[in-house]
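Visitor: this one's sequence-less:
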């Protein structure tokens, strides 16, 4: 079983972003979540992600806990843009872990969080998402 929901939160075309991620990375994409400073919406979750939780409700509860820290993304974005003024706008953050890569693409005060397998070409995926939502 997987979860698949339409975008209902962000102003950019998150559905197009998920479609391009699934097209480019196929079985390497495990989770896609749209978010802003207040809310989140799970767009896609594969069985591997669901298996990490006893129930879908437990997964959502965990995501709500994580959301309480999402403001850090936007604070870091502002910080890096201030400190590295000539480098341009912050587009994304990637966290490389042993079994997964966590990626957050930021568009103004909204974002798309997704997870992919280690070894995935994160730069290409971020660029594909950006092209899909332009």
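Guide: Happy to help now that I have it. Please read all numbers here as calculations on a predicted model, not as lab measurements.

Visitor: contacting residues around the residue most central in space within the chain?
Guide: Nearest to the centroid of the C-alpha atoms of the chain, with distances taken as C-alpha atoms, centre = their mean, sits residue 113, at 0.9 Å. Taking C-beta atoms under 8 Å, 6 or more residues apart in numbering, we find residue 113 in contact with 31, 32, 33, 34, 35, 40, 102, 103, 104. In short, each C-beta sits where N, CA and C put it, glycine included.

Visitor: Doesn't the fifth one belong to a strand?
Guide: Yes - assigned with DSSP: H, G, I helix; E, B strand; the rest coil, residue 35 falls within a strand.

Visitor: how close does it sit to residue 60?
Guide: 13 Å (C-beta to C-beta, to the nearest Å).

Visitor: of those two, who's got more company?
Guide: Neighbour tally, residue 35 and residue 60, criterion other C-beta atoms under 10 Å: the higher count belongs to residue 35, 24 against 15.

Visitor: Am I right that the more buried one is in contact with residue 111?
Guide: Yes - applying C-beta atoms under 8 Å, one finds residue 35 in contact with residue 111, separated by 5.2 Å.

Visitor: so where's the chain uncertain?
Guide: Low-confidence segments of the chain (pLDDT under 70): none present.

Visitor: Quick one: the strands in it, in order.
Guide: 3-4, 29-36, 40-45, 92-96, 101-107, 110-116 (DSSP state E).

Visitor: Columns distance to residue 82 on top of the ones you listed, output as CSV?
Guide: As requested, the strands of the chain are exported to CSV (distance: least, C-beta to C-beta, whole Å):
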stretch, distance to residue 82
strand 3-4, 37
strand 29-36, 21
strand 40-45, 26
strand 92-96, 16
strand 101-107, 15
strand 110-116, 19
